[in-house]
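Novice: Mind folding the following:
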Amino acid sequence: MCLFQYDDDPEPEERVPAGPLYVPVLPGRAEVAVRLFRTPLGARTAVGFTSAGRLAATLGAGQRWIRLSESALRAMAEPIGAPLLTVDPTLTAPAVAGTPTGAATGAVAATVPQAPGTVARTV
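Specialist: Numbers count the residues shown, from 1 in each chain. So this is what the prediction gives:
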């Protein structure tokens, strides 16, 4: 383990407090539930933003949020399987749309031209 931080390191070795964060919460609930996300590799992560504008630019203006310190957010997320904290993520995937009927059932409607007398076999 290296004790020095280089300019090209993607993450610092020591956690530096990010200060109060704008944390997205799940909508439509009487109680507040912190919204968790997944990294591109599938790990669960809590997400916080350093400004309400950055949160709105990434998740939309209608996203509800609360203010939490970094340590409070980590304390809430780690016990439920989200040990990572991502601050100010800028890239998000678009919302998942409904699947077409054929894709959901696996049915494919296509004709394959065949020579006369050839027996076709479906695999």
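Novice: Just the strands from this structure, written as ranges.
Specialist: 21-24, 36-38, 44-48, 65-68, 84-87 (DSSP state E).
Novice: Output the ones you listed as CSV; include the columns mean pLDDT.
Specialist: Below are these laid out as CSV (pLDDT from 0 to 100):
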stretch, mean pLDDT
strand 21-24, 96
strand 36-38, 93
strand 44-48, 95
strand 65-68, 95
strand 84-87, 93
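Novice: Just name the most buried of these.
Specialist: Stretch with highest mean neighbour count among those: strand 21-24 (a mean of 23; mean count of other C-beta atoms under 10 Å). In this view, the C-beta of every residue, glycine as well, is placed from N, C-alpha and C.
Novice: For residue 58, give its distance to residue 30.
Specialist: Remark: distance between residue 58 and residue 30 (C-beta to C-beta, to the nearest Å) = 26 Å.
Novice: closest to residue 77 out of the strands of the chain?
Specialist: Judged by C-beta to C-beta, the one of the strands of the chain that comes nearest to residue 77 is strand 44-48, at 3.8 Å.
Novice: list the helices and strands the closest one packs on?
Specialist: Under the contact criterion of 3 or more C-beta pairs under 8 Å, 6 or more residues apart in numbering; DSSP states H and E, strand 44-48 touches strand 21-24, strand 36-38, helix 70-77, strand 84-87.
Novice: returning to that earlier point: what about residue 58 and residue 30, which has more around it?
Specialist: residue 58 (16 against 4; other C-beta atoms under 10 Å).
Novice: For residue 63, find the nearest of the helices and strands packed on strand 44-48.
Specialist: That would be, of these and by C-beta to C-beta, strand 21-24, which comes in at 5.3 Å.
Novice: quick one, which of the strands of the chain is nearest to residue 54?
Specialist: Judging the strands of the chain by C-beta to C-beta, what sits closest to residue 54 is strand 21-24, at 7.6 Å.
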